[in-house]
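*Asks:* Using only what follows, build the 3D model:
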Amino acid sequence: VYKRQESGSVDIDLSAHCPGGETPASVRICRPRSLLVLGAGKDAEPLVSFAHTLGWRVAVFDHRPACLENPQLQSAEALQCGEAGQAADLIDLGGMDAAIIMSHSLTGDKNYLLALANSSVGFVGLIGPPHRRDRLLSEIGEHAAKLVDRLHAPVGTRIGGRGPAAIALEVVAELQAYFSDERT
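*Replies:* Residues are numbered from 1 along each chain as shown. So this is what the prediction gives:
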């Protein structure tokens, strides 16, 4: 039995019927989830590391070539450089399960939100406080309605702590819960 996911990739459910009427055995083979990190600053390092450790496919996009040369990001499968407004043209957004916007630039984050509003990415996370989210949604106007069921902002399951590693752990915790719910 095949179960097609929204992103177009396939998770496979297999079951075997045992002779003699025993309880059938079943297993689900799930493809790795794909995460797009939009912004390659210092706070992206632990997020990429945690996601890689969990077996997720990670791509990082940023407009700063020097940030993408960071050795701490090399566990990502793809590193792409370009302006935020080019993201939809340079990245296969249809192949992504989730995207986390963390460029810390209002203009960049606005352009990323616009690109993701017009995509099929199921989980869109935005780093930052609620007033920043509200400002960005106001700036993208009618496109904001396309994000209503997908935008998680501020992203992250609040578990306490400060700094990039703690925030990355909160983001990964929310993503893991989302991916687990998606597979049931």
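*Asks:* In space, what's closest to residue 45 - neighbours in sequence excluded?
*Replies:* By the measure of Cβ to Cβ, 6 or more residues apart in numbering, the closest residue to residue 45 outside its immediate chain neighbours is residue 72, 4.0 Å from it. (C-beta placed from N, C-alpha, C; glycine too.)
*Asks:* That neighbour and residue 137, how far apart?
*Replies:* Computed as Cβ to Cβ, to the nearest Å, the residue 72 to residue 137 distance reads 31 Å.
*Asks:* re the thing from before, how many neighbours does the residue nearest to residue 45 have?
*Replies:* Residues lying near residue 72 (other Cβ atoms under 10 Å) number 13.
*Asks:* Next: residue 49.
*Replies:* Around residue 49 there are 18 other residues, counting by other Cβ under 10 Å.
*Asks:* And for residue 159?
*Replies:* When neighbours are defined as other Cβ under 10 Å, residue 159 has 10 of them.
*Asks:* Same question for residue 55.
*Replies:* Look at residue 55: counted by other Cβ under 10 Å, it has 9 neighbours.
*Asks:* my guess is it meets residue 32, correct?
*Replies:* Yes. Using Cβ atoms under 8 Å, residue 55 and residue 32 qualify as a contacting pair, with a distance of 5.4 Å.
*Asks:* name the helices or strands packed onto the longest helix along the chain?
*Replies:* Of all the segments of type helix in the chain, defined by DSSP state H, the longest one is helix 164-183. For helix 164-183, the elements it packs on are helix 44-53, strand 98-101, strand 123-126, judged by 3 or more Cβ pairs under 8 Å, 6 or more residues apart in numbering; DSSP states H and E.
*Asks:* Of the ones you listed, which stretch is the most buried?
*Replies:* Across those, averaging neighbours per residue (mean count of other Cβ atoms under 10 Å) puts strand 98-101 on top, at a mean of 27.
*Asks:* Could you export it as CSV, CA atoms only?
*Replies:* Listed in CSV are the C-alpha atoms of strand 98-101, where the atom choice follows Å, rounded to 0.1, in the frame of the first residue of the first chain:
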residue,chain,number,x,y,z
ALA,A,98,9.1,22.7,5.8
ALA,A,99,10.8,26.0,5.7
ILE,A,100,12.2,28.1,8.5
ILE,A,101,12.7,31.8,7.8
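*Asks:* Check the spacing between the closest residue to residue 82 other than its chain neighbours and residue 105 real quick.
*Replies:* Take residue 82 and drop its neighbours on the chain: the residue closest to it by Cβ to Cβ, 6+ apart is residue 90, 4.7 Å away. Between residue 90 and residue 105 the distance is 17 Å, computed by Cβ to Cβ.
*Asks:* Fine by me, we can end here.
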